[in-house]
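J.: After the sequence you'll find the predicted model.
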Amino acid sequence: MAKVIMVQGTMSNAGKSIMVAGLCRVFRQDGYKVAPFKSQNMALNSFITKDGLEMGRAQVVQAEACGAEPSVLMNPILLKPTTDVGSQVIVNGEVLGNYRAGDYYKMKKSLWPDVEKAFHTLCEQNDIVVVEGAGSPAEINLKQDDFVNMGLAKRFQIPVLLVGDIDRGGVFAQLAGTQMLLDEEEKCLLKATIINKFRGDVEILRPGLKQLEDIMHKPVAGVLPLLQVDIEDEDSLTDRFTRSGGAKLDVAVIRLPRISNFTDLAALEATEGVSVRYVSKPRELGKPDAIILPGTKSTISDLKWLRQCGLEAAILHLASNGTIVVGICGGYQMLGKMVMDACGAEGGGSLAGLGLLPTETAFEPEKHRTRISGKVQPNSTFAEGTMVEGYEIHMGKTTLEAGATPLLLLEDGQPDGCVNGNVFGCYIHGFFDSVPCRQAFLNLLCDKKGLNPEELTAMDYAEYKEQQFDILADAVRSDLDMDLIYRILNQEE
């Protein structure tokens, strides 16, 4: 059975996910077979495994750090918020149903067997399992039937590292206050603390570290600086939404209220010479070289928002003047003439789309989930013959009007997506991840802008991610006491 260590945080976005990824990478570099585990994740960024099952992207990123194939064993329960008080509940990669928060908490105890089975299977298959908590273990109103923080740690006697975010201030109170709200068994499982996102001279911090150790009677395992490392971040508080800056190409992504899988744009964000900025108001849109409508968990609701806030009119004006407009998944659905929900997948009703593509979408009760690849078909806009691969997660079926041009022909012989002049879209998440597809998109924008396409080269994104994981691992080795962490892992502390 694997040795296990757990990373919990004092709050959401304290750095648990990236800390787990860093430890996974270090353990892998040290020759161990490693896997991440998070019993319950809440996120709108999800992924489809090779066997067609759905899981959170954070554990996919962590699996990549381990050099492992993503599996729903790493994330047996995924909550995808549909409203402020409800979520779609996915168990072992399959949709269980939509639940209001109160109803979910009443039934979540019944999911313990799924958590246990996934955890034990991972432990049987690996040398080390690195577990990630969720939010904070000190949410005392949620401790009953908890299986993602200390509830899980207590059941399997997992040693815990507690991460605090100094960048938001009050880190000593975060860490000591969290411990204060734990019961005695939980305090025994808490083995060390880590201070994350530090800026400045660590020597100035050292007197505080000593006092913290005296107060908590726990060692500080290290102080990790605010890293300049580009690793996908699924958290709703991600700073991706504030990135901007001058570049040769300006790509504006519409920040929909229920935006999902914005990691589809990570490869573009990492491309030198391309500015990817997220906009939520017409005045922020400006005159970009391209507009991207990303995925969404609530197509109809976000389409209404697009109309009400004035962005629809702004997009239509730019599209009529030749600006490239791209839709992915829910964004693709919005670009059509009509979105219909007779089955009540999003509450029912119908709504006119932007009308930029000659398509109609009808929602269906069953979610479509698959890994897929295809080839761009002859058209007047996007490079014919370009190979595209990724995965699909959607509730609707989109049909093209007679004579409309599909964007892709999939490996199963079915068309996907649509092209209409300077507007195109498809269902495939990961559209921009492959080098040929991303380069074709850059070439299209360069041609329209009169730039030399050779000035913008799409790098190998998979290789780039590997480099970023190694940079993260170097920082973990340099700034954390790995000897202490190994002793905790081996339960010698």
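T.: It's in.
J.: Just the pLDDT for residue 236.
T.: Per-residue confidence at residue 236 stands at 50 (pLDDT).
J.: what's the span of stretch 450-462, first residue to last?
T.: Its start and end residues considered, stretch 450-462 measures 29 Å (CA to CA, to the nearest Å).
J.: in that stretch, what's buried?
T.: For stretch 450-462, a neighbour-count test (16 or more other CB atoms under 10 Å) marks 451, 456, 458, 461 as buried. C-betas here are computed from N, CA, C, even on glycine.
J.: go on, stretch 99-113?
T.: Per 16+ other CB under 10 Å, stretch 99-113 contains these buried residues: 99, 104, 108, 111.
J.: about what we covered before: residue 187: which of the buried residues of stretch 450-462 is nearest?
T.: residue 461 (43.1 Å; CB to CB).
J.: Count the residues that sit near the closest residue to residue 304 other than its chain neighbours.
T.: Spatial nearest neighbour of residue 304, chain neighbours left out: residue 351 (6.8 Å); criterion: CB to CB, 6 or more residues apart in numbering. A count of nearby residues for residue 351, using other CB atoms under 10 Å, gives 16.
J.: Surely residue 351 is in a helix?
T.: No. Going by DSSP: H, G, I helix; E, B strand; the rest coil, the assignment for residue 351 is strand, not a helix.
J.: which residues pair with it across the strands?
T.: As for beta bridges, residue 351 partners with residue 339 under DSSP bridges.
J.: Thought residue 298 was touching it, still the case?
T.: No. Checked against CB atoms under 8 Å, the pair residue 351 and residue 298 is beyond contact range at 11.5 Å.
J.: for residue 163, helix, strand, or coil?
T.: Strictly by three-state DSSP, residue 163 counts as strand.
J.: pLDDT averaged over whichever strand in the chain runs longest, what's the number?
T.: If you go by DSSP state E, the chain has its longest strand at strand 359-376. Strand 359-376 comes out with an average pLDDT of 91.
J.: do stretch 340-348 as well
T.: 86.
J.: What are the buried residues along it?
T.: Quick answer for stretch 340-348 (16+ other CB under 10 Å): 341, 345-346.
J.: what's the answer for stretch 297-311, then?
T.: 297-303, 305-306, 311.
J.: sorry, back to before: now the buried residues of stretch 450-462 in JSON lines, with pLDDT, secondary structure and distance to residue 405?
T.: Supplementary listing: those in JSON lines, determined by pLDDT from 0 to 100; DSSP: H, G, I helix; E, B strand; the rest coil; distance: CB to CB, whole Å:
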{"residue": "451", "pLDDT": "92", "secondary structure": "coil", "distance to residue 405": "26"}
{"residue": "456", "pLDDT": "84", "secondary structure": "coil", "distance to residue 405": "26"}
{"residue": "458", "pLDDT": "83", "secondary structure": "coil", "distance to residue 405": "24"}
{"residue": "461", "pLDDT": "89", "secondary structure": "helix", "distance to residue 405": "28"}
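J.: Now flag whichever of those residues is closest to residue 397.
T.: Proximity of those to residue 397 (CB to CB) peaks at residue 461, which lies at 29.9 Å.
J.: What sits closest to that closest one if chain neighbours are left out?
T.: Leaving aside its chain neighbours, residue 461 sits nearest to residue 267 (4.4 Å; criterion: CB to CB, 6+ apart).
J.: where's the one you found relative to residue 383, distance?
T.: Distance from residue 267 to residue 383, counting by CB to CB, to the nearest Å: 17 Å.
J.: Quick check: which helices or strands does the helix or strand hosting residue 129 pack against?
T.: Residue 129 belongs to strand 128-132 when assigned by DSSP states H and E. Packing partners of strand 128-132 (3 or more CB pairs under 8 Å, 6 or more residues apart in numbering; DSSP states H and E): strand 3-9, helix 16-29, strand 34-37, helix 57-66, helix 112-125.
J.: Kindly reformat those as a markdown table containing mean pLDDT and distance to residue 337.
T.: A markdown table is the format used below for the helices and strands packed on strand 128-132 (pLDDT from 0 to 100; distance: least, CB to CB, whole Å):
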| stretch | mean pLDDT | distance to residue 337 |
| --- | --- | --- |
| strand 3-9 | 97 | 45 |
| helix 16-29 | 97 | 39 |
| strand 34-37 | 98 | 43 |
| helix 57-66 | 96 | 31 |
| helix 112-125 | 97 | 41 |
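J.: thinking again about what came up before, kindly reformat the buried residues of stretch 99-113 as TSV and extend each row with distance to residue 416.
T.: Putting the buried residues of stretch 99-113 into TSV (distance: CB to CB, whole Å) gives the following:
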residue	distance to residue 416
99	31
104	34
108	36
111	34
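J.: need the contact list for residue 38.
T.: Residue 38 makes contact with 56, 58-59, 74-75, 131-134, 148, according to CB atoms under 8 Å, 6 or more residues apart in numbering.
J.: which of the residues you listed are buried?
T.: Using 16+ other CB under 10 Å as the burial test, the contacts of residue 38 include 56, 58-59, 74-75, 131-134, 148 as buried.
J.: Distance to residue 115 added to the residues you listed, as TSV?
T.: TSV is the format used below for the buried ones among the contacts of residue 38 (distance: CB to CB, whole Å):
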residue	distance to residue 115
56	14
58	17
59	14
74	12
75	10
131	11
132	13
133	13
134	12
148	8
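J.: what's the closest of these to residue 176?
T.: For the buried ones among the contacts of residue 38, the nearest to residue 176 is residue 133 (17.8 Å; CB to CB).
J.: If we ignore the residues flanking it in sequence, what's nearest that closest one?
T.: Excluding the flanking residues, the one nearest residue 133 by CB to CB, 6+ apart is residue 8, at 3.7 Å.
J.: Tell me where the stretch 351-493 of the chain has helices.
T.: In the stretch 351-493 of the chain, the segments counted as helices under DSSP state H, counting those that start in this stretch are 435-449, 461-479, 482-489.
J.: helices or strands next to the first one in the packing?
T.: In this structure, helix 435-449 makes packing contacts with strand 249-254, helix 266-269, strand 324-328, strand 387-400, judged by 3+ CB pairs under 8 Å, 6+ apart.
J.: Run the chain-centre distance for it.
T.: With CA atoms, centre = their mean, to the nearest Å as the basis, helix 435-449 stands 25 Å off its chain's centre.
J.: quick one: contacts of that helix?
T.: 248-249, 251, 267-268, 271, 274, 289-290, 322, 324, 326, 376, 381-383, 386-388, 431-432, 451-453, 455-461.
J.: and if we set it to 7 Å?
T.: Residues outside helix 435-449 that contact it (CB atoms under 7 Å, 6 or more residues apart in numbering): 249, 267-268, 289-290, 324, 381-383, 386-388, 431-432, 452-453, 456, 458, 460.
J.: residues in contact with the residue nearest to residue 461?
T.: 432-433, 438, 461.
J.: Next, format these as TSV and append distance to residue 31.
T.: TSV is the format used below for the contacts of residue 267 (distance: CB to CB, whole Å):
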residue	distance to residue 31
432	34
433	29
438	34
461	27
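J.: ok, back up a step: shared neighbours, residue 351 and residue 298?
T.: The contact lists of residue 351 and residue 298 share no entry, where a contact means CB under 7 Å, 6+ apart.
J.: for the stretch 101-250 of the chain, which spans come out with low pLDDT?
T.: 234-246 (pLDDT under 70).
J.: for it, what spans make up the helices?
T.: Assigned helices in the stretch 101-250 of the chain, in chain order: 101-107, 112-125, 150-156, 171-180, 184-189, 202-216 (criterion: DSSP H, counting those that start in this stretch).
J.: can you list these in JSON lines and add distance to residue 365?
T.: Output for the helices of the stretch 101-250 of the chain, formatted as JSON lines (distance: least, CB to CB, whole Å):
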{"stretch": "helix 101-107", "distance to residue 365": "20"}
{"stretch": "helix 112-125", "distance to residue 365": "23"}
{"stretch": "helix 150-156", "distance to residue 365": "33"}
{"stretch": "helix 171-180", "distance to residue 365": "42"}
{"stretch": "helix 184-189", "distance to residue 365": "42"}
{"stretch": "helix 202-216", "distance to residue 365": "51"}
